[in-house]
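Undergrad: Using only what follows, build the 3D model:
(one chain, ligands or ions: 1)
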Amino acid sequence: MSQPRGPLSQLRRGHEELVLGLLRKHGPLSRGELGKRCGLSRTTLYDILAELVATGAVVTATSQEAPRGRGRPAETLTLNPDAGQAIGIDFARRALHVAAVNLAHEVVGSASEPHDAGLPWKERVELAVRLVGSLTGTRTGAGALRLGALDAIGVGVVGVVGSQHAGDEEAAPHPVQVLLRERFGVPVLLDNNTRLAALGESIWGAAAGGQDVLYLRLSHGVGGGLVVGGSLHRGAYGLSGEFGHITVEPGGARCDCGGTGCLETVASIRAVLDAFRAAGGRAADVAELVKAVRAGDRTALTLLDGVGARIGEVLAALCNAIGPSVIVIGGELAETGPALVEPIERALHDHVMPVSRHRVSLRRATLGEVAGALGGIALVLHESPLLSRYPAGPDLAEDPIPDKESR
Ligand SMILES: [Zn+2]
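TA: Residues are numbered from 1 along each chain as shown. As a prediction, the model looks like this:
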């Protein structure tokens, strides 16, 4: 599973990718057909195939269409649909989400589980291992997901994820990278989880195909991500998309970031629930708030009207700065539906430059809570054009792996 990364193993990895790519594109092929298409020497190809079969990435089948009576029927090679290639894990503040894709890049499973906000990293990683295990162990049908062909894990975490090359000193790897690498033995790519959700929504979700996308997540934190000119935007220090820390109330409530009056102090789950209760409403969580909204609770509707207006003003300012064609609203608070989205839309309409009013499409997110985990997978596969100018591999705060071959 683990790939040391000296030049020879990189070459070998390149050959494996070539063969896997051909099988992904053409479906089952015989050794002869593969040989013609890949241009590798017979020895090299057979060597690579033996390895891919041994790890479970590729399976052999005897072709049923081979003419009988003319020697052995041709053996074909095909991608193992149960072999996982990439895992995405979103370590959100109070929940963990995992998703996996197979070698054909089909999503083969996802799972989520809530946890306390203060859960230590070690226990979060244990939970992640267990959730990944649920993908590998409980699938019905042909078989469970196998991790023998696992390439890498894409991980989203809350907060700032900067490049290790941005600072003067070499940054220490994130604890989650160290722990996951110990458990799975593959590289662990790390980015901000909300930006990964933006990536997921822009590839597979509400903004699929969008070249200029603004994603806003209203959850325990408020954050977002930007696709600008067809590229996921990261910013010089990995700080792009921190929309939750734009000031909306100068001198307002203290924010976790150290500032005051940030959008997050008004539009996070805690802020909204606290304000609802302070106004006499009763709701222990978002589900109960949604229930109140659906029942037409005036207190809830008035509150969300005000919160939506604040969000819409911020979005209007961002629109004027960036000029997106699509705005996607995600996160648990979006579950309150039109009670929140309509005032957002009104304020956006009122405050954006008039010329932009009818050029921005406001949409609800569609990937749900696994958007960030799917974004992690996109990061690993690095196939989306949205990532063509995005740092990859070691430049993306990847954990430094001791490379035995270069020492
Ligand atoms: Zn803040």
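Undergrad: This structure: strands as residue ranges?
TA: 29-30, 58-62, 75-79, 84-91, 95-102, 107-114, 152-157, 188-192, 213-218, 222-228, 231-232, 326-330, 361-364 (DSSP state E).
Undergrad: ok, and which of those strands has the densest surroundings?
TA: Most buried of the strands of the chain, by mean neighbour count (mean count of other C-beta atoms under 10 Å): strand 213-218, with a mean of 30. Using the backbone N, CA and C atoms, a C-beta is placed for each residue, glycine as well.
Undergrad: Next, the angle strand 222-228 makes with it.
TA: 170 degrees (axes from the mean of the first three to the mean of the last three C-alpha atoms, to 10 degrees).
Undergrad: ok, so what distance separates whichever residue of the stretch 51-200 of the chain sits closest to the ion from Gly372?
TA: Of all residues in the stretch 51-200 of the chain, Gly159 sits closest to the ion, with a separation of 11.6 Å (C-beta to the ion). Using C-beta to C-beta, to the nearest Å, Gly159 is found at 13 Å from Gly372.
Undergrad: Report the buried residues of stretch 336-343.
TA: Buried residues in stretch 336-343, counted by 16 or more other C-beta atoms under 10 Å: 336, 339-341, 343.
Undergrad: got the CA positions of it in CSV?
TA: The C-alpha trace of stretch 336-343 is given here as CSV (Å, rounded to 0.1, in the frame of the first residue of the first chain):
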residue,chain,number,x,y,z
THR,A,336,-34.2,26.1,7.3
GLY,A,337,-35.0,26.7,3.6
PRO,A,338,-36.8,29.7,2.2
ALA,A,339,-37.1,31.3,5.6
LEU,A,340,-33.4,32.0,5.4
VAL,A,341,-32.7,31.8,1.7
GLU,A,342,-35.4,34.3,0.7
PRO,A,343,-34.0,37.2,2.9
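Undergrad: Residues touching that stretch, excluding its own?
TA: 218, 286, 289-290, 293, 300-301, 304-309, 311-312, 329, 333-334, 362, 364 (C-beta atoms under 8 Å, 6 or more residues apart in numbering).
Undergrad: And for whichever residue of the stretch 301-407 of the chain sits closest to the ion, the neighbour number?
TA: Nearest to the ion in the stretch 301-407 of the chain, going by C-beta to the ion, is Val314, at a distance of 12.4 Å. Counted with other C-beta atoms under 10 Å, residues neighbouring Val314 total 24.
Undergrad: And the nearest residue to Gly281 once chain neighbours are set aside, how far from Gly337?
TA: Of all residues not flanking Gly281 in the chain, Thr299 sits nearest, at 4.5 Å (C-beta to C-beta, 6 or more residues apart in numbering). Distance, Thr299 to Gly337, using C-beta to C-beta: 17 Å.
Undergrad: same thing with Leu301?
TA: 11 Å.
Undergrad: and what of Pro120?
TA: Pro120 is 36 Å from Gly337, by C-beta to C-beta.
Undergrad: How are the helices of the stretch 251-400 of the chain distributed by residue range?
TA: 264-267, 269-278, 286-294, 298-322, 338-351, 371-381 (DSSP state H, counting those that start in this stretch).
Undergrad: mind putting those in TSV, mean pLDDT and distance to Glu249 included?
TA: As requested, these are arranged in TSV below (pLDDT from 0 to 100; distance: least, C-beta to C-beta, whole Å):
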stretch	mean pLDDT	distance to Glu249
helix 264-267	98	7
helix 269-278	98	11
helix 286-294	98	21
helix 298-322	98	8
helix 338-351	97	15
helix 371-381	95	28
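Undergrad: Put the buried members of the contacts of stretch 336-343 into a ChimeraX selection.
TA: In ChimeraX syntax, the buried subset of those is picked out as below (16+ other C-beta under 10 Å):
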select :218,286,289,290,293,300,304,305,307,308,309,311,312,329,333,334,362
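Undergrad: Could you count how many residues lie near the residue of the stretch 101-250 of the chain found nearest the ion?
TA: Proximity of the stretch 101-250 of the chain to the ion (C-beta to the ion) peaks at His245, 3.6 Å away. Neighbours of His245 under the rule other C-beta under 10 Å: 19.
Undergrad: quick one: Met353 and Asn320 touch, right?
TA: Yes. Counting by C-beta atoms under 8 Å, Asn320 is a contact partner of Met353 at 5.6 Å.
Undergrad: what is in contact with Leu301 and Gly337 at once?
TA: Val293.
Undergrad: any idea where the helices of the stretch 51-200 of the chain begin and end?
TA: 121-137, 175-184, 193-203.
Undergrad: mind putting the strands of the chain in JSON lines, mean pLDDT and distance to Pro250 included?
TA: Supplementary listing: the strands of the chain in JSON lines, determined by pLDDT from 0 to 100; distance: least, C-beta to C-beta, whole Å:
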{"stretch": "strand 29-30", "mean pLDDT": "92", "distance to Pro250": "65"}
{"stretch": "strand 58-62", "mean pLDDT": "87", "distance to Pro250": "61"}
{"stretch": "strand 75-79", "mean pLDDT": "90", "distance to Pro250": "57"}
{"stretch": "strand 84-91", "mean pLDDT": "92", "distance to Pro250": "33"}
{"stretch": "strand 95-102", "mean pLDDT": "94", "distance to Pro250": "33"}
{"stretch": "strand 107-114", "mean pLDDT": "92", "distance to Pro250": "35"}
{"stretch": "strand 152-157", "mean pLDDT": "94", "distance to Pro250": "30"}
{"stretch": "strand 188-192", "mean pLDDT": "93", "distance to Pro250": "26"}
{"stretch": "strand 213-218", "mean pLDDT": "98", "distance to Pro250": "21"}
{"stretch": "strand 222-228", "mean pLDDT": "96", "distance to Pro250": "18"}
{"stretch": "strand 231-232", "mean pLDDT": "94", "distance to Pro250": "31"}
{"stretch": "strand 326-330", "mean pLDDT": "98", "distance to Pro250": "25"}
{"stretch": "strand 361-364", "mean pLDDT": "96", "distance to Pro250": "26"}
